[in-house]
Each structure stands twice: as C-alpha cells, then as structure tokens.
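Participant: fold the following, please.
(one chain, ligands or ions: 2)
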Amino acid sequence: MTKVLHNVQMVNEQGELQTVNIAMADGKITAIGQNVNVAGAEMIEGNGLVVAPGFVDVHTHLREPGFEHKETIATGSASAAKGGFTTICAMPNTKPVPDSVENMQLINGLIKESAVIRVLPYGSLTKDISGEVRTSIEELKAHGAVAFSDDGVGIQLAATMYEQMKDAAQHDVVVVAHCEDNSLIYDGVMHEGKRNQELGLPGIPSICESVQIARDVLLAEAAGARYHVCHVSTKESVRAVRDAKAAGIRVTAEVCPHHLLLEEMDIPSDDANWKMNPPLRGADDKDSLHAAMMDGTIDCIATDHAPHTVEEKCCGMVGAPFGIVGFETAFPLLYTQFVETGKWTLKQLIDWMSVKAAQIFDLPYGTLEVGSSADMILIDLQKEQTIDAEGFVSKGRNTPFNGWVAKGWPVLTIFEGNIVYQEAE
Ligand SMILES: NC(=O)N[C@@H](CC(=O)O)C(=O)O
Ligand SMILES: [Zn+2]
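Facilitator: Numbers count the residues shown, from 1 in each chain. Ligands and ions are numbered 1, 2, ... in the order given. Alright, predicted model coming up:
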C-alpha cells in the first residue's frame, strides 16, 4: 500500500524550505518531489507543516527489564515517538544487564513485543556494568548490540577500557562512555561551584568527568578504537575532545539539551528534578558546549532520557537518583531557545538530532531520501504550548522544564511508513 504525505515543507541542503510530497511503500521512501502523486495511494495531509527525518537519540534509558515502575519499552518508545524520535538506542543499565547472549536475546524479545519505534539496544562493556569482568563484544554484536557502554557508571580501570577498546576496534563497533572517575565524585549531587555552596549541597567537580575523557582518548588512540563520549558537560571535557579530534583520534561526542539550556545558577532550590548526571555546570561550561557545537567538536544532541518515579524525586537531591526525562521536550525547547532566536538554523538543529547522530554509529537513518526507511515527522513551528509534566506519555515526570513555554511541536510521527503518533485534534 502506497501512502503519500502531501504538502509538506522539507529543509533542503541549503537550509531552505521546499514544498514537496513524499511517497512511501513497504516502509521505504519511494519518491520525493513537488508533483509526486500516486493513483490510489492513501493520502496523509501535511497542511504545509515542516517535515523532518525521524529523530535519532543515541542515549536513552527505557528501564525495562527490571525497573518497569519507572518506564517500560512501551511507554518509553511511545514517549519518544511523541517527541519526534523514530530510532533510539537503549542504555544497558537494566536488570538484567545486556551482558550475555541470553540477556541480549531477552531484551531483543521485549523490544520486538512492545516498541512502537526502532529501539536499538547497547551491549554492556562489563558484566553487570560493575567494571570488573569484560563482556564478549563479538557475541553481543552478533546478537544486535548497536554499540557498547556501561552508561550510568564510568569504567574505572584503564586496562579494562583498553582491552574492550581493542576488541571493539577489531569488530568495528563504537565504545560509548559515561565518564566519571569514582574517586572524584565525593558523594556530590550537583556541580561543585557556587550554587551548591549556597544550597549547602555536596558538589561534583568538573575533573570527575574531564580526566576520564582525557584518559580515554589516549586509550582510544592506542587501541585504534572508535570512541564516543556521552553527555559532555564541562569546558575541560570539550577541550579534551577538541584536542583529540585535532590529533586525528577517532572520537565523537554528544551533548544533552539540558546542558545547553541550563546552568548551575538556574537551580532554584534543593529539588531533585534538577539532579542529573553529569550535573548542570557553570555558565562558562555552557558557553563552551555551544562553541563546541559550532566548531564540530560536539557531533550530535542526545536526550539522556532518564525517567524516575515521583516518590524517588520527591525529597531533595541527596538520596534521589540522578536523571531527568527528555524525549517530549527536547525539540521544542531547543527550537524555541536557539532557532527562534537566530543562534542556530533549523537545519543545524534537525541534523544534530538525526543524521549526525546516526552517522556516528553507521546507522542508515535520520535522512529523507528515496530508498531510506520511511521515518519522518511533521513539526508545527507555530504551535506554542506550556510544558506540563502531568501530560507526558513517559511514566517519568522528572523534568526541570515544567511550566516552560515552547514553540515547535512534533505533531505527527511516521515510522516505517506507519503513523505511530498523531497529536489529538
Ligand atoms: N543521566 C542520569 O542522570 N542518569 C542515568 C544514568 C546516566 O546516563 O548516567 C540513569 O540511568 O538514570
Ligand atoms: Zn551517563
């Protein structure tokens, strides 16, 4: 059955909006053009809205198996679909951890059963993400691991990281790192700077992240590995990545919306909805992240969608888990704050949330081209709405952006040619 998405505005290579129709059949895009029409096709009216490739999020936490009270693959993937994502990579801090063929198969089965969009699972770098016993990259890759990470914790031992990087290089998969040196955390709950002192809360120093990145890029160089840094948050981390790229090391990096939008001084009180790892850093760190987007040091945007329950996030930062949700607010927040204000172009934002992320992992998604998977979204750039966590499709309500007003909402999501999210009339 052929479908035609009619009268939509596509951003072309020059960044201009071009009115087109998009035809799709058997889950693939079959034609794009001004006069594309197929006799007998099902028509989807686009009403002149902007069409973009379905977004690709390489850093997400779906919590299933093991923590279904926080999120499930069904609720997490539906939340992602609502936010305009059609491909998401699921981090391995589940129970069990995807650290064996058996666990990988279990997770693949759950995804097949309940995901409404494409969910690609990570394999872990160590057994039970405890940093000790190495997993088999070869076996996990053969069973669908998109890349390898112990996200949630840093790999403490250089030798463990180095050995896994050598294996990853041999199998041409990317090693993805949450960089955090455990000896430098000091039980902190927010950035070690000014605001944590005002609030009387223990701080996490910037070096906790940057020193491990500095170590890892040298390990990646020695191992010949492809290395991707999760949620870069400090100016020293930016410098380490920039220097490594300049030296020809195969490193890529992501940044989260909240680190681009917020800084430590924005934290209003000891409220766990402002607690995430890495924490909101200083104004100079935030500025350096923006500069790093512009010069290509940072490659893509990833949400680090990390749902937790209201009970876990109720009572101050100490004792609450790290993490905030991200799928349903990422695009409108970034569009409103950075595209509407003229800082970024619409094309830059779309690319950072789709094709640039896909390229890091050699994924053939995040583009609107004849022959590619029919994954696309419609965005209403004029639509303005107040963020209301109570209305999230995700089980998580943990966001610092509740009550923010934003424009540019995804209103329709098509995955492999089928509508998987449509805004209620
Ligand atoms: N980012 C977070 O604050 N939390 C993540 C773990 C992680 O990505 O570090 C989680 O799983 O809750
Ligand atoms: Zn992390």
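Participant: and for the residue in the stretch 101-250 of the chain that ligand 2 sits nearest to, the neighbour number?
Facilitator: Closest approach between the stretch 101-250 of the chain and ligand 2, counting by C-beta to the ion: residue 178, at 3.4 Å. In short, each C-beta sits where N, CA and C put it, glycine included. Here the number of neighbours of residue 178 (other C-beta atoms under 10 Å) works out to 23.
Participant: ok, it - contacts?
Facilitator: Residues near residue 178 by C-beta atoms under 8 Å, 6 or more residues apart in numbering: 149-154, 230-231, 277.
Participant: try 6 Å this time
Facilitator: Going by C-beta atoms under 6 Å, 6 or more residues apart in numbering, residue 178 touches 151, 154, 230.
Participant: how about the residues of this structure near ligand 2?
Facilitator: 151, 178, 230 (C-beta under 5 Å from the ion).
Participant: mind putting those in JSON lines, pLDDT and distance to ligand 1 included?
Facilitator: Compiled in JSON lines, the residues of the chain next to ligand 2 are given as follows (pLDDT from 0 to 100; distance: C-beta to the nearest ligand atom, whole Å):
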{"residue": "151", "pLDDT": "97", "distance to ligand 1": "5"}
{"residue": "178", "pLDDT": "98", "distance to ligand 1": "5"}
{"residue": "230", "pLDDT": "98", "distance to ligand 1": "7"}
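Participant: please name the nearest non-neighbouring residue to residue 110.
Facilitator: residue 73 (5.5 Å; C-beta to C-beta, 6 or more residues apart in numbering).
Participant: secondary structure class of residue 369, three-state.
Facilitator: coil (DSSP: H, G, I helix; E, B strand; the rest coil).
Participant: what about it, neighbour count?
Facilitator: By other C-beta under 10 Å, 11 other residues sit near residue 369.
Participant: what secondary structure does the nearest residue to it once chain neighbours are set aside sit in?
Facilitator: In this structure, residue 369 finds its nearest non-sequential neighbour in residue 29, 6.5 Å apart by C-beta to C-beta, 6+ apart. Residue 29 carries the three-state label strand when classified by three-state DSSP.
Participant: repeat that for the one 3 residues further on.
Facilitator: Reduced to three states with three-state DSSP, the structure at residue 32 is strand.
Participant: is it true that it touches residue 24?
Facilitator: No - with contacts counted by C-beta atoms under 6 Å, residue 32 stays clear of residue 24, the gap being 9.7 Å.
Participant: of the two, which one has the most company?
Facilitator: A count of neighbours by other C-beta under 10 Å puts residue 24 above the other of residue 32 and residue 24, at 29 against 19.
Participant: could the residues of the chain next to ligand 2 be laid out in JSON lines, adding secondary structure?
Facilitator: Formatted as JSON lines, the residues of the chain next to ligand 2 follow (three-state DSSP):
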{"residue": "151", "secondary structure": "coil"}
{"residue": "178", "secondary structure": "coil"}
{"residue": "230", "secondary structure": "coil"}
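Participant: I'd like those residues as JSON lines, with distance to residue 296 appended.
Facilitator: Output for the residues of the chain next to ligand 2, formatted as JSON lines (distance: C-beta to C-beta, whole Å):
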{"residue": "151", "distance to residue 296": "23"}
{"residue": "178", "distance to residue 296": "22"}
{"residue": "230", "distance to residue 296": "18"}
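Participant: which one of those residues sits closest to residue 261?
Facilitator: Comparing these against residue 261 with C-beta to C-beta places residue 230 closest, at 17.6 Å.
Participant: if I pick that closest one, what's in contact with it?
Facilitator: Applying C-beta under 6 Å, 6+ apart to residue 230 gives the contacts 59, 151, 178.
Participant: again, only using 8 Å
Facilitator: With contact taken as C-beta under 8 Å, 6+ apart, residue 230 is in contact with 59, 149, 151, 176-179, 254, 302, 304.
Participant: and residue 260, that's in a helix?
Facilitator: Yes - under three-state DSSP, residue 260 falls within a helix.
Participant: tally of neighbours for it?
Facilitator: Residues within reach of residue 260, counting by other C-beta under 10 Å, total 18.
Participant: burial count for the closest residue to it other than its chain neighbours?
Facilitator: Nearest-residue entry for residue 260: residue 289, 5.8 Å, with adjacent residues in sequence omitted and distances by C-beta to C-beta, 6+ apart. Residues near residue 289, counting by other C-beta under 10 Å, number 22.
Participant: and for residue 294?
Facilitator: 11.
Participant: one more: residue 209?
Facilitator: Using other C-beta under 10 Å, the number of residues around residue 209 comes to 29.
Participant: wait, it touches residue 234, no?
Facilitator: Yes - using C-beta atoms under 8 Å, residue 209 is in contact with residue 234, at 5.6 Å.
Participant: who touches both of these two?
Facilitator: Shared contacts of residue 209 and residue 234 (C-beta under 8 Å, 6+ apart): residue 278.
Participant: sorry, back to before: surely the residue nearest to residue 369 is in contact with residue 372?
Facilitator: Yes - between residue 29 and residue 372 a contact is recorded at 5.5 Å, counting by C-beta under 8 Å.
Participant: so for these two, which residue has more residues nearby?
Facilitator: Per other C-beta under 10 Å, whichever of residue 29 and residue 372 has more neighbours is residue 29, with 22 against 16.
Participant: what's across from that one in the sheet?
Facilitator: Beta-bridge partners recorded for residue 29 (DSSP bridges): residue 24.
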